[in-house]
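> Sequence and predicted structure are below.
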Amino acid sequence: MRELAIALVALAGACAAGPNSDAGPPAFPAQRGTALPPPEPSGATAPPEGTAAGGIDFGRWRQADPAVYGPAFQSQVRARYDDQELSYIRADLERNGFRCEDDRRLDCRIEIMERQCAFDWYVVLERGASAPAAGFDLMCLGANR
């Protein structure tokens, strides 16, 4: 019992010292003004709802359910680029607003932020593959869309 009383007195003394005591430097010193600036906007613009100038139909993507919209987008892309050359596919996707990289595979994307949601359309064609993989992803910050 005596040890418990001594421990309580020691704990009360430590709590009474508060943050202004000589306990050393704070664990998380304030370093005001040292945060990096926010990233620059990517410059990507949202595709139209409906058919783009290059001919791809993006439909009503703002209200779309990704589980339904993604496979429909992939079917459209596969039908559009069936038996097409890689150079034609890249040029056509870029006409429709995609940014493409061609390192080991053709990887084209549209990535935008709108209403605290990230929208991502992608078309990927592996070397030697007969059909591209395409899809649509949506990720929102918070519970509501």
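On my side now, so go ahead.
> all contacts plus neighbour counts: C-alpha atoms, from now on.
Noted.
> quick one: low-confidence parts of this structure?
For the chain, the stretches flagged by pLDDT under 70 are 1-2, 4-5, 7-23, 26, 28-44, 143-145.
> Could I get the full set of helices for the protein?
Secondary structure of the chain, counting by DSSP state H: helices at 2-17, 66-80, 86-95.
> In contact with the residue nearest the centre of the chain, which residues?
With distances taken as CA atoms, centre = their mean, the residue of the chain nearest its centroid is Ala118 (5.3 Å). Residues near Ala118 by CA atoms under 8 Å, 6 or more residues apart in numbering: Glu111, Ile112, Asp137, Leu138, Met139, Cys140.
> try Ala134
Residues near Ala134 by CA under 8 Å, 6+ apart: Gly70, Phe73, Gln74, Val77, Arg78, Trp121, Tyr122, Val123, Val124.
> For it, name its beta-bridge partners.
Val123 (DSSP bridges).
> go on, the one 4 residues further on?
Legend: beta-bridge partners of Leu138 under DSSP bridges are Phe119.
> from now on call the first residue 46
Sounds good: first residue 46 from here, last item Leu183.
> That one and Gly100: what is the separation?
22 Å (CA to CA, to the nearest Å).
> for Glu130, same thing?
Per CA to CA, Glu130 is found 17 Å from Gly100.
> between the two, which one's more packed in?
Gly100 (13 against 9; other CA atoms under 10 Å).
> quick one: contacts for that one?
Applying CA under 8 Å, 6+ apart to Gly100 gives the contacts Asn141.
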